[in-house]
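1. Need coordinates for the below:
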Amino acid sequence: IWRDPRSLMIALLMPFTQMFLLGYGVTLDLKHIPVCTFDREASQNSQALLKRFEASRYFAIARNVSNYPALVNAIDRADCKIGIVIPPDFSERLNDSGSASVQAIIDATDDNTANIAFGYALAVVSGYSSDVQLSWTARQEHALQQIQPMSVQSRVWFNEDLESRNFIIP
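-> Numbers count the residues shown, from 1 in each chain. Model (predicted):
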């Protein structure tokens, strides 16, 4: 290697070139994750939550489906990575108790993507949840208390334990 300058250049220059290309070319950030929604209520409150997902740079609403089997098929066909299901009594529960649940169905064939997407979805729901909590407590004329008005119930498909070896080894 020391006697042949071309070999020395390859031995030194190639790792730096690869490090530069991979350092800027490979990213684990997820943006515009395709989301399918099944809004069973279609109210102002449920649409406001879905608009939060749409406004986020991390999600892109790919499809709005009209039934649960269509949502399952969309996830199976990889049309979306996350399915959001809003229950039919979403607004009623928010108005009555200030608390409601939303289901997030996540395709976890890639566990890293599933974990990151779930974290992003949780952040969107938490932001909406805090706004709902403030408006609900103002309407009820209660002092602010630690109420969690909404929660996300997740279901992980295809890799229930979120083990990376199930994705990497095959």
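
2. Report all helices and strands that the helix or strand where Gly119 lies contacts.
-> In the assignment (DSSP states H and E), Gly119 maps to helix 111-140. In terms of contacts (3 or more Cβ pairs under 8 Å, 6 or more residues apart in numbering; DSSP states H and E), helix 111-140 is packed against helix 44-55, strand 59-64, strand 82-86, helix 90-97, strand 100-107, strand 150-157, helix 165-168. C-beta coordinates here come from the backbone N, C-alpha and C atoms, glycine included.

3. quick one: strands adjacent to the fifth one?
-> Taking DSSP bridges as the criterion, strand 100-107 sits next to strand 82-86 (antiparallel), strand 150-157 (parallel) in its sheet.

4. List the contacts of it.
-> Outside strand 100-107, the residues within contact range by Cβ atoms under 8 Å, 6 or more residues apart in numbering are 49, 71, 75, 78, 80-87, 89-90, 93-94, 114, 117-118, 121, 125, 149-158.

5. if you skip the residues just before and after it, what's nearest to the residue minimising distance to the centre of the chain?
-> Nearest to the geometric centre of the chain sits Ala117, at 3.2 Å (Cα atoms, centre = their mean). Nearest non-adjacent residue to Ala117, counting by Cβ to Cβ, 6 or more residues apart in numbering: Ile33, 5.2 Å away.

6. Please verify my assumption that the one you found contacts Phe59.
-> Yes - the criterion here is Cβ atoms under 8 Å, and Ile33 meets it with Phe59 at 5.3 Å.

7. what is in contact with the two at once?
-> Counting by Cβ under 8 Å, 6+ apart, the residues touching both Ile33 and Phe59 are 82, 120.

8. Can you pick out the residue with more neighbours from these two?
-> For Ile33 versus Phe59, neighbours defined as other Cβ atoms under 10 Å are more numerous around Phe59 (25 against 20).

9. And the more buried one, what's its pLDDT?
-> Looking at Phe59, its pLDDT is 95.
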